[in-house]
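# Sequence and computational prediction follow.
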Amino acid sequence: MSIVVTGATGQLGRHVIEALLERSVPAADIIAAGRATERLADFGARGVQVRSMDYSDAGSVAAALRGAKRVLLISGSEVGRRVEQHRTVIEAAKAEGVELLAYTSIANAETTGMKLAGEHRATEAMLRGSGLPFVLLRNGWYLENYTDQLPSTLAQGALAGSAGEGRISAASRADYAHAAAAVLTAEDQAGRVYELGGDEPFTMAELAAEISAATGKDIAYTNLPADDYAGLLAGAGVPEAFAEILADSDLGIARGDLLVSSGDLRRLIGRTTTSLAEAVRSAAAAA
């Protein structure tokens with residue numbers, strides 16, 4: 001059973017490959033596909049097949065999926081171009097006759113008003129119309145979205161955003177990767193929709209409190225109007241269009257768009273999800 005992991009050069013993709021290997025999937029049955037294949041040399045040395053693939057190059061996508069039985073389509077990173085890129089993968093998977101395509105969508109894709117969800121909804125619609133057997137992995141936020149920013153948060157001495165008192169069901173990339181691996185290696189997955197999120201939702205104020213506790217520095221959360229937050233991000237070097245999307249996502253958090261209570265992630269990985277406190281403590285120790 002050949003399993004293709006697209007976007008394998010990214011952090012989530014690498015975690016998925018590790019999770020598949022931990023599940024005793026033979027390395028030769030795993031195909032790691034991505035653009036910067038030199039980043040996959042370590043997996044190649046362990047027997048994983050490495051194939052070059054660019055979502056925007058239909059020929060490379062078709063070649064990467066050759067012989068695949070199952071495919072994990074990790075959503076592209078180029079906001080605004082993802083629908084057509086995903087279409088290329090879906091069409092290639094259909095032509096190859098894959099038995100299951102898993103797609104990493106966004107939590108609460110059908111109901112969220114977040115701008116970031118639009119391309120995910122469009123991809124889900126394409127899958128429904130494709131005739132392909134598919135499963136939706138609606139991933140919530142990564143804890144790393146926040147812990148990776150710990151050095152700058154500590155330097156600034158504060159957290160800012162527009163999330164208000166909204167609660168976020170975040171989990172680690174490794175948690176989501178293990179869920180994907182569980183689905184890719186299980187039977188009877190076609191047609192399933194998993195709403196995936198951490199077991200212990202938190203607010204931005206609670207995140208600030210955890211950072212304070214882990215570092216001994218007094219970090220407070222300041223809630224800003226979305227326009228002001230977008231301006232703050234842009235001033236810090238975030239491209240203006242993406243800064244607006246991030247601020248809009250915070251407004252979605254304030255509405256509860258990233259609150260997940262299904263328990264799907266915990267059940268798929270067979271353990272409790274990584275907690276905010278654990279993630280912050282680990283990041284603080286490494287900072």
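Happy to help now that I have it.

# In the chain, mark out all the helices, start to finish.
Assigned by DSSP state H, the chain shows helices spanning 11-22, 41-45, 58-64, 82-96, 118-130, 144-147, 150-156, 173-184, 204-215, 226-235, 240-255, 264-269, 276-286.

# out of these, deepest packed?
For the helices of the chain, average neighbour numbers computed from mean count of other C-beta atoms under 10 Å are highest in helix 173-184, which has a mean of 24. Glycine gets a C-beta too; all of them are placed from N, C-alpha and C.

# OK, contacts around Ala27?
Applying C-beta atoms under 8 Å, 6 or more residues apart in numbering, we find Ala27 in contact with Leu21, Phe43, Arg46, Gly47, Val48.

# Mind putting those into CSV with distance to Arg266?
What follows is the contacts of Ala27, written out as CSV (distance: C-beta to C-beta, whole Å):
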residue, distance to Arg266
Leu21, 22
Phe43, 28
Arg46, 29
Gly47, 31
Val48, 28
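
# any idea which of those residues is closest to Ala209?
Ala209 lies nearest to Leu21 out of the contacts of Ala27, by C-beta to C-beta, at 37.0 Å.

# Now for that closest one: which residues touch it?
Under the criterion of C-beta under 8 Å, 6+ apart, the contact list for Leu21 reads Ala27, Ile30, Arg46, Val48.

# separation between Ala182 and Leu20?
From Ala182 across to Leu20, the span is 10 Å (C-beta to C-beta, to the nearest Å).

# now Leu259
Counting by C-beta to C-beta - Leu259 and Leu20 are separated by 29 Å.

# Phe43 now?
When distance is defined by C-beta to C-beta, Phe43 is 10 Å away from Leu20.

# joint contacts of those two?
Common neighbours of Phe43 and Leu20 (C-beta under 8 Å, 6+ apart) are Ile30.

# picking up where we left off before, Serialize the helices of the chain to JSON lines and add fields for mean pLDDT and distance to Ile106.
Formatted as JSON lines, these follow (pLDDT from 0 to 100; distance: least, C-beta to C-beta, whole Å):
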{"stretch": "helix 11-22", "mean pLDDT": "98", "distance to Ile106": "13"}
{"stretch": "helix 41-45", "mean pLDDT": "97", "distance to Ile106": "27"}
{"stretch": "helix 58-64", "mean pLDDT": "97", "distance to Ile106": "22"}
{"stretch": "helix 82-96", "mean pLDDT": "97", "distance to Ile106": "11"}
{"stretch": "helix 118-130", "mean pLDDT": "97", "distance to Ile106": "5"}
{"stretch": "helix 144-147", "mean pLDDT": "97", "distance to Ile106": "13"}
{"stretch": "helix 150-156", "mean pLDDT": "94", "distance to Ile106": "24"}
{"stretch": "helix 173-184", "mean pLDDT": "98", "distance to Ile106": "12"}
{"stretch": "helix 204-215", "mean pLDDT": "98", "distance to Ile106": "19"}
{"stretch": "helix 226-235", "mean pLDDT": "96", "distance to Ile106": "19"}
{"stretch": "helix 240-255", "mean pLDDT": "96", "distance to Ile106": "10"}
{"stretch": "helix 264-269", "mean pLDDT": "98", "distance to Ile106": "14"}
{"stretch": "helix 276-286", "mean pLDDT": "96", "distance to Ile106": "20"}
